[in-house]
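got a sequence here, can you build the structure:
(chains A and B, ligands or ions: 1)
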Amino acid sequence: MPKSSPHPSLGFGLGVRPIHYDALLGERKGSVGWLEALTENYLLPGGKPLHYLERLRTEYPIVLHGVSLSIGSTDPLNETYLREVKALADRVEPAWISDHLCWTGVDGVNLHDLMPLPFTEPTLNHVVSRIAAVQERLGRRLVLENVSSYVNFSRSDLTEWEFLREIAERADCHLLLDVNNVYVSSVNHNFDPMTYLRGIPVERVQQFHLAGHRNMGDYLIDTHDEPVCEAVWELFHAAVERFGPVSTMIERDDNIPELDVLLAELARARDITTSAQKSKSAA
Amino acid sequence: MSAQSDAHSLAELQRDFQRHVMHGHDRIVDAVDGSAAVPATLRLSIYSEAYRLRLTDALASTLPRLQQLLGEEQFAAVASEYIELCPSSHPSIRWFGDQLPALLTKLFPDQPWLAGLAAWEWAIAAAFDGADAQAVGIEALAAVAPEQWPSLTFQFHPTVQVLAMHTNAPLLFKALSADEPPPEPVALEQPQSWLIWREQLKTQYRSLSPDESAALAVMRGGGSFEMLCDVLCNWHDAEAVPAQAAGLLKRWVVEQMIVGVS
Ligand SMILES: [Fe+2]
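Numbering: from 1, shown residues only, chains lettered A, B, ... in the order given. Presented below is the predicted three-dimensional model:
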């Protein structure tokens, strides 16, 4: 694969959820610039989910976002899963395919959770070689997302942002920067989220996620069941100043409101992007 | 450290973490930094709790009527036992729960409708996102020359399933789905056949009479129209059989269950 810069921004999008299918194809057609579909929800023989995805893709650019790649696991790569993802991608023709920089299980188990990795040189070597294999199977460059985490391993001798930068550069892949996850982890591990942003190479960031979390007092949990909070909007402003206009979307997985509520939230992301770009060009 | 022992050490870390999440083993605790406000064990418990919650939610979303019938508390108890016994190995959480009917049979031998309802909801879900196929129209039957009829065979939509139900679980499902009070759950003396399939995007089901059930078994096995007539002779007078057979076929076509005639 030739080395390439990230995909040009698709503008402002949403994670597509079944309760919004009809609105997105009907009265709110064209209300977003693109849609992110959860890969595993469409690894199905047929029926309604694939029917709607086929219709949506005629109206919107689609990107596929997976949760079960388990790129950091020490289990062998799941070749069946990779073939299924490839087949789905051949059908849907996504602008790109993303998953998370994490592991989801070992010994054949899927915990269905985004488990944290130790940030060490051996982990880097392990993950980088797997990314190369996956990029070859899928015939495209991967986009990997930073996850929210609640533990830090004593053995980690790199920071998360150093780890992310090394992954992206050594594996020649792109990054999905989840601004909420940066914020959640910064509180849980007591680091400065601005330092994190400054540690991420600009030319590697292809997508932003925005989402809500739950404040537990002493720590935060990434829940995707609430609106984006003020601190995350501020960090998003800083991210746009640093990375420029990047495909931006809101994730909502629980307590999902009507589409118009999410569109209003997305309008705020658009306003912040405009003002961050202005303040950047003024500087 | 050699590359091999590095990989081994990452594998051990992941195994320890997974054992903590699944079974509460605490070897991983020493590998994790804690803080005064949020100690390592509390940090780790976020993962263990999220694990059970997510899988319980997945079961509830595939088996919502079972959850209604059991009530949230008892459903959660069943789910937690299931999570312990049958961890997920599927990339998609949608397939988590396939062994639940067997567990329910073991846990509730005197309430067979619970396992029945779980199996029923699982089958309904399988029809919902089962493979697509284009149904033939009624004109496909009209186009068949009379001499071809005896050897004619029919291909069924991939979502067609026939279930022999030993309880009134489908009626419990129907009432609970319609937000109506469910009938008294009962075990049946004789199993009742039910048909599940998908018509376009709509999941359908109905009960089957013994003759239609036998007819479907023959025809889904690749039987010819002649064999259909033969099997119907067990229920109907010989002179009424051709009309009965044609009537069944027409119904299956209208219900979009037939995807090929050959
Ligand atoms: Fe995210």
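
quick check: the residue of chain B nearest the ion.
B:A50 (15.1 Å; C-beta to the ion). Bear in mind the C-beta positions are built from the backbone N, C-alpha and C, glycine included.

that residue contacts A:H112, doesn't it?
No. Using C-beta atoms under 8 Å as the test, B:A50 is too far from A:H112 to be in contact (9.2 Å).

helix or strand for A:Q206, which one?
With elements taken from DSSP states H and E, the one containing A:Q206 is strand A:205-210.

name the helices or strands packed onto that strand?
On a contact count with 3 or more C-beta pairs under 8 Å, 6 or more residues apart in numbering or on different chains; DSSP states H and E, strand A:205-210 meets strand A:142-145, strand A:174-178, helix A:179-189, helix A:230-243, strand A:247-250.

could the ones you listed go into TSV alongside distance to A:S281?
Shown next, in TSV, are the helices and strands packed on strand A:205-210 (distance: least, C-beta to C-beta, whole Å):
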stretch	distance to A:S281
strand A:142-145	27
strand A:174-178	21
helix A:179-189	21
helix A:230-243	10
strand A:247-250	19
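
quick one, which of those gets closest to the ion.
strand A:174-178 (3.8 Å).

now do the phi/psi pair for the most centrally placed residue in chain B.
The C-alpha lying nearest the average C-alpha coordinate of chain B belongs to B:W122 (C-alpha atoms, centre = their mean; 2.1 Å). Per-residue torsions, B:W122: phi -60, psi -40 (degrees, to the nearest 10).

need the contact list for it.
B:62-63, B:97-98, B:100-101 (C-beta atoms under 8 Å, 6 or more residues apart in numbering or on different chains).

just the buried ones from those residues, in ChimeraX syntax?
A single ChimeraX command selects the buried members of the contacts of B:W122 (16 or more other C-beta atoms under 10 Å in any protein chain shown):
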select /B:62,63,97,100,101
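
which one of B:A50 and A:H112 has more residues nearby?
Under the criterion of other C-beta atoms under 10 Å in any protein chain shown, the comparison of B:A50 against A:H112 puts A:H112 first, with 22 against 19.

mind listing what the helix or strand just after the strand holding A:Q206 pairs with, with the direction of each?
On the C-terminal side of strand A:205-210, the closest following helix or strand by DSSP H and E is strand A:214-215. Sheet pairing for strand A:214-215, assigned by DSSP bridges, gives strand A:220-221 (antiparallel).

does the longest helix along chain B reach chain A?
In terms of residue count, the longest helix belonging to chain B (DSSP state H) is helix B:40-62. Yes. Residues of helix B:40-62 contacting chain A under C-beta under 8 Å from any C-beta of the partner chain: B:40, B:43-44, B:46-47, B:50-51, B:54-55, B:58.

which among the residues you listed gets closest to A:L88?
Nearest to A:L88 among the residues of helix B:40-62 next to chain A is B:A58, at 20.3 Å by C-beta to C-beta.

quick check, the closest one in contact with B:R94.
Yes. B:A58 is within contact range of B:R94, at 7.5 Å (criterion: C-beta under 8 Å).

these two - which one has more neighbours?
Ranked by neighbour count (other C-beta under 10 Å), B:A58 and B:R94 place B:A58 first, with 20 against 17.

could you check the pLDDT of that one?
Listed pLDDT for B:A58 reads 97.

which parts of the stretch 1-150 of chain B are strands?
Counting by DSSP state E, counting those that start in this stretch, the stretch 1-150 of chain B has strands at residues B:32-33.

measure B:P182 to A:V246 for me?
Going from B:P182 to A:V246 by C-beta to C-beta, to the nearest Å gives 52 Å.

neighbour-wise, which of these two wins?
Ranked by neighbour count (other C-beta under 10 Å), B:P182 and A:V246 place A:V246 first, with 23 against 20.

once you drop chain neighbours, what's closest to A:P118?
A:F153 (3.9 Å; C-beta to C-beta, 6 or more residues apart in numbering or on different chains).

fine by me, thanks again.
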